[in-house]
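A.B. asks: let me see the structure of the following:
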Amino acid sequence: LDDLQKAIGLEPGSEVPEGYTSAEQMIGEYIMQTILIKVNDRILDFSIEDLSASQDAIWITLSSTEAFSILPKDLVLESTFLLEVYDDQTNVINVKWPTGKNSLMLKGEKTSQLIPLK
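C.D. replies: Below you'll find the model as predicted:
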């Protein structure tokens, strides 16, 4: 969590900058700026469903309610989450959809991954 606060420009114990109501608002904005999901070359709208921190990780659950007449064959996930803090940052991604799930890792310069939806 300290690394995430550093990424958004907050030092432990510091005040939230003017224009923000909470650190959670700043974190939400940061997540929306550093994670991008594309389906059929179109950016998918998503929301932050949950954010929780453990000793070694931050778990972020994103969800989308966009409806598709046919389930897409794949999606592209792009993430620069915490790369400004650690250039070798590893992000574990778990993707779930109505008919399956997949897991992958984005590490360092590998900031994008095609995820087949089988």
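
A.B. asks: pretty sure residue 110 sits in a strand.
C.D. replies: No: counting by DSSP: H, G, I helix; E, B strand; the rest coil, residue 110 is not part of a strand but coil.

A.B. asks: elements contacting the strand or helix carrying residue 29?
C.D. replies: According to DSSP states H and E, residue 29 maps onto helix 23-34. For helix 23-34, the contact count by 3 or more C-beta pairs under 8 Å, 6 or more residues apart in numbering; DSSP states H and E identifies helix 2-7, strand 47-53 as packing neighbours. C-beta: built from backbone N, CA, C; applies to glycine.

A.B. asks: now do the residue lying farthest from the centre of the chain, the pLDDT please.
C.D. replies: Distance from the centre of the chain peaks at residue 69, with 25.4 Å (C-alpha atoms, centre = their mean). We note a pLDDT of 79 for residue 69 in this prediction.

A.B. asks: and what of residue 51?
C.D. replies: For residue 51, pLDDT reads 91.

A.B. asks: tell me the bridge partners for it.
C.D. replies: residue 60 (DSSP bridges).

A.B. asks: hang on, isn't it packed against residue 30?
C.D. replies: No: shown here, residue 51 and residue 30 do not form a contact pair, counting by C-beta atoms under 8 Å, at 10.8 Å.

A.B. asks: follow-up on the earlier one: looking at the helices and strands packed on helix 23-34, which is closest to residue 13?
C.D. replies: Nearest of these to residue 13, taken as C-beta to C-beta: helix 2-7 at 10.0 Å.

A.B. asks: how about that closest one: buried residues?
C.D. replies: 4, 5, 7 (16 or more other C-beta atoms under 10 Å).
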